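Undergrad: I would like to see how this sequence folds:
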Amino acid sequence: MGSYQSYWQKNLRLILICLFIWFIVSFGFGLLLVEPLNNFSLGGYKLGFWFAQQGSIYTFVGLIFWYSSRMNKLDKEHGVGEE
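TA: Next up, the predicted model:
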């Protein structure tokens, strides 16, 4: 039972980390900090605009791959999926 609880605690921690990072990038960089970030440019676009339009999407896709790799490692660590 302890292994089950440990597995889900670690899983929920990964989910919360992903949600926190995505929130910071999409809401923080894309809305709250857009004016200060617009003083910089990326690929000819203002950085605040870029985060609002593309940055949060790229971050989300990157988080999917990161979460998947961490969950594969966690599954192996706890023997999930082995028969």
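Undergrad: check contacts around residue 19.
TA: Contacts for residue 19 (CB atoms under 8 Å, 6 or more residues apart in numbering) come out as none. Bear in mind the C-beta positions are built from the backbone N, C-alpha and C, glycine included.
Undergrad: where does this protein dip in pLDDT?
TA: 1-2, 82-83 (pLDDT under 70).
Undergrad: ok, which stretches of it are helices?
TA: Taking DSSP state H, the helices of the chain run over residues 2-23, 34-37, 47-50, 56-78.
Undergrad: Need the winner for burial among the ones you listed.
TA: Of all those, helix 47-50 carries the top mean neighbour count, a mean of 20, counting by mean count of other CB atoms under 10 Å.
Undergrad: Against residue 48, how distant is residue 31?
TA: Shown here: residue 31 relative to residue 48, a distance of 9 Å by CB to CB, to the nearest Å.
Undergrad: My error: substitute residue 12 in the last question.
TA: Applying CB to CB to residue 12 and residue 48 gives a distance of 32 Å.
Undergrad: Same question for residue 9.
TA: 36 Å.
Undergrad: repeat for residue 77
TA: With the distance defined as CB to CB, residue 77 ends up 40 Å from residue 48.
Undergrad: same check, this time on residue 59
TA: 15 Å.
Undergrad: and what of residue 57?
TA: Taken as CB to CB, the span from residue 57 to residue 48 is 15 Å.
Undergrad: What of residue 55?
TA: For residue 55, the distance to residue 48 equals 9 Å [CB to CB].
Undergrad: Please enumerate the shared neighbours of the two.
TA: 29-30.
Undergrad: Count the neighbours of residue 55 for me.
TA: Residue 55 has 19 neighbouring residues, counting by other CB atoms under 10 Å.
Undergrad: My read is that it contacts residue 22, right?
TA: No: counting by CB atoms under 8 Å, residue 22 is not a contact partner of residue 55; they are 10.6 Å apart.
Undergrad: what residues are up against residue 26?
TA: Residue 26 is in contact with 51, 55-56, 59-60, counting by CB under 8 Å, 6+ apart.
Undergrad: Using PDB, write down the CA coordinates of stretch 20-36.
TA: Only the C-alpha atoms of stretch 20-36 are listed here, as PDB (Å, rounded to 0.1, in the frame of the first residue of the first chain):
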ATOM      1  CA  PHE A  20       2.700  25.600 -12.400                       C
ATOM      2  CA  ILE A  21       5.200  26.000 -15.200                       C
ATOM      3  CA  TRP A  22       2.500  26.200 -17.800                       C
ATOM      4  CA  PHE A  23       0.600  28.800 -15.700                       C
ATOM      5  CA  ILE A  24       3.700  31.000 -15.300                       C
ATOM      6  CA  VAL A  25       4.500  30.900 -19.000                       C
ATOM      7  CA  SER A  26       1.000  31.400 -20.400                       C
ATOM      8  CA  PHE A  27      -0.600  33.700 -17.800                       C
ATOM      9  CA  GLY A  28       2.500  35.300 -16.300                       C
ATOM     10  CA  PHE A  29       4.600  35.800 -19.400                       C
ATOM     11  CA  GLY A  30       1.700  36.100 -21.900                       C
ATOM     12  CA  LEU A  31      -0.500  38.500 -19.900                       C
ATOM     13  CA  LEU A  32       1.000  39.900 -16.700                       C
ATOM     14  CA  LEU A  33       4.500  40.500 -17.900                       C
ATOM     15  CA  VAL A  34       3.800  41.300 -21.500                       C
ATOM     16  CA  GLU A  35       4.800  44.900 -21.400                       C
ATOM     17  CA  PRO A  36       8.300  44.400 -19.900                       C
END
